[in-house]
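>>> any chance you could fold what I've pasted below:
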Amino acid sequence: MRKIYDAVVIIGTYTDKQGKEKPRYMNVGAVLQGEKGMSLKLEAIPVGFTGWINFYEPRAREEKPAKSDDEFGDSEIPF
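A predicted model of the protein is given here:
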């Protein structure tokens with residue numbers, strides 16, 4: 001099976017730095033594509049769930065570059 005969508009619900013709101021109120025989201029599962037069709041895998045149901053689930057294409061994971069020895073300060077070990 002292949003993940004095609006994230007299953008996301010709005011669980012409340014928050015105020016950003018500019019003072020604007022914005023929705024707070026929670027990922028509750030995924031929509032998977034298999035040989036016989038699509039399936040919804042729920043991993044959580046938030047308190048106060050309204051019944052609405054939104055589906056968004058998964059975001060690509062950002063790969064962080066590996067740190068070199070110099071960044072840790074141990075390129076020259078004094079012993």
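>>> what helix or strand is Tyr14 located in?
Element membership for Tyr14, per DSSP states H and E: strand 2-15.
>>> how far off centre is that strand?
Centroid separation between strand 2-15 and its chain, computed with Cα atoms, centre = their mean, to the nearest Å, is 8 Å.
>>> can I get that strand in CSV, CA atoms only?
C-alpha atoms of strand 2-15 as CSV (Å, rounded to 0.1, in the frame of the first residue of the first chain):
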residue,chain,number,x,y,z
ARG,A,2,1.1,3.5,-0.8
LYS,A,3,0.3,6.6,1.3
ILE,A,4,-1.5,9.2,-1.0
TYR,A,5,-3.0,11.6,1.6
ASP,A,6,-2.5,12.8,5.2
ALA,A,7,-5.8,12.7,7.2
VAL,A,8,-6.0,16.0,9.1
VAL,A,9,-8.6,17.6,11.4
ILE,A,10,-8.8,21.1,12.9
ILE,A,11,-8.6,20.9,16.7
GLY,A,12,-8.8,24.5,17.6
THR,A,13,-7.2,27.9,16.9
TYR,A,14,-4.1,29.9,17.8
THR,A,15,-3.0,33.5,17.4
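>>> so in that sheet, which strands flank that strand, and in what orientation?
Here strand 2-15 has these sheet partners by DSSP bridges: strand 21-34 (antiparallel), strand 54-56 (antiparallel).
>>> how far away from the center of its chain is the helix or strand following the first one?
What that stands for is strand 21-34. Next helix or strand after strand 21-34 toward the C-terminus (DSSP H and E): strand 37-42. Relative to the centre of its chain, strand 37-42 is centred 17 Å away, using Cα atoms, centre = their mean.
>>> quick one: Ile10 and Tyr25 touch, right?
Yes: counting by Cβ atoms under 8 Å, Ile10 touches Tyr25, with 6.0 Å between them. Quick note: C-beta positions are derived from backbone N, CA and C, even for glycine.
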